[in-house]
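# Mind folding the following:
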Amino acid sequence: MRQFVSFLVSKQFGKQLLLLALTLSVGLFVLSYSLDMATHHNQKIQVPSLSKLQLDKVSEVLSELDLRFEVIDSASYNPEYPKKSVLDQFPQSGSYVKEKRKIYLTLNPSQYGLITVPDFYGKTKNEVEAQLRSLGFVVGVHTYIPDLGKNVVRKLVCDGRNLEKGIKMPKNSVIDLVLGDGKKQ
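Okay, the predicted model is just below:
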C-alpha cells in the first residue's frame with residue numbers, strides 16, 4: 001500500500017496526469033472544431049417560396065442557394081396552379097436549412113386524373129347522379145326522350161358524344177343525362 005501511495009505523489013504520476021489532461025483538452029478542442037466545420041454550425045439558408053414555379057425555375061432558384069430538390073408526389077390536379085408547377089414543399093418557405101439540403105416538392109399534374117365511367121344503363125337518375133358526383137364528375141343538364149321508364153338513364157353525354165360504360169374521362173368532366181320521360185310511345 002505504501003508503494004501505491006508513493007507512486008501517486010511521485011513526479012512520474014504527475015507528468016502522466018498532466019499529459020493525459022493536455023491530450024484530452026486538445027482532443028476535445030479538435031473534435032469540437034471539426035464538428036462545427038463538418039456540420040456548418042451557425043450557417044443557415046432561408047428556404048424560398050417555390051409555390052407555382054415550374055421545375056426549371058425551381059432548379060435555378062435552388063442551385064443559386066446551394067440547395068437540392070426531389071419531387072415526391074403529383075397531387076390531385078388544382079386548376080388554380082399552372083400545370084406541372086409546385087403545389088407544396090417541405091420544408092416550408094421561410095424555414096432555415098443548411099446548404100445541400102433537399103427540398104421535397106409536390107407538383108400539380110398536367111390535367112385531372114382519368115376516371116372510369118360506371119355502368120349506368122337502366123339505373124335511376126338519382127342513383128347515377130350520386131355515383132357520378134362521388135367519382136368526381138359534374139352532372140350537367142337532363143334531356144328526356146320517349147321511353148317507358150320515367151327518370152331511367154338511357155345515355156350519358158359529354159361534349160356532344162355518347163359515353164359508354166368503362167370509358168375513361170377526366171375528373172370534373174360535365175356529363176349530361178338522357179332520361180326516359182315515362183310516357184308510352
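# roughly how far apart are Leu17 and Gly122?
For Leu17, the distance to Gly122 (Cβ to Cβ, to the nearest Å) stands at 96 Å. Placement of C-beta: from N, CA and C, glycine included.
# Which stretches in this protein count as helices?
With DSSP state H as the criterion, the chain has helices at 2-8, 11-38, 55-64, 125-135.
# residues in contact with the third one?
The one in question is helix 55-64. Pro48, Leu50, Leu53, Arg68, Phe69, Val71, Lys84, Val86, Ile103, Leu105, Leu107 (Cβ atoms under 8 Å, 6 or more residues apart in numbering).
# Export the helices of the chain as TSV, with columns for distance to Lys150.
Formatted as TSV, those follow (distance: least, Cβ to Cβ, whole Å):
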stretch	distance to Lys150
helix 2-8	108
helix 11-38	77
helix 55-64	53
helix 125-135	9
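# mean pLDDT lowest for which of the ones you listed?
Comparing mean pLDDT across the helices of the chain, the weakest is helix 2-8, with a mean of 77.
# buried stuff in that helix?
When burial is assessed from 16 or more other Cβ atoms under 10 Å, helix 2-8 yields no buried residues.
# outside of that helix, which residues touch it?
Contacts of helix 2-8 (Cβ under 8 Å, 6+ apart): Phe13.
# how about the nearest residue to the most centrally placed residue in the chain, chain neighbours excluded?
The centroid of the chain falls nearest to Thr106 when counting by Cα atoms, centre = their mean (3.5 Å). Once flanking residues are discounted, Thr106 sits nearest to Asp88: 4.1 Å by Cβ to Cβ, 6 or more residues apart in numbering.
# about what we covered before: looking at the helices of the chain, which is nearest to Lys165?
Relative to Lys165, the nearest member of the helices of the chain by Cβ to Cβ is helix 125-135, separated by 11.0 Å.
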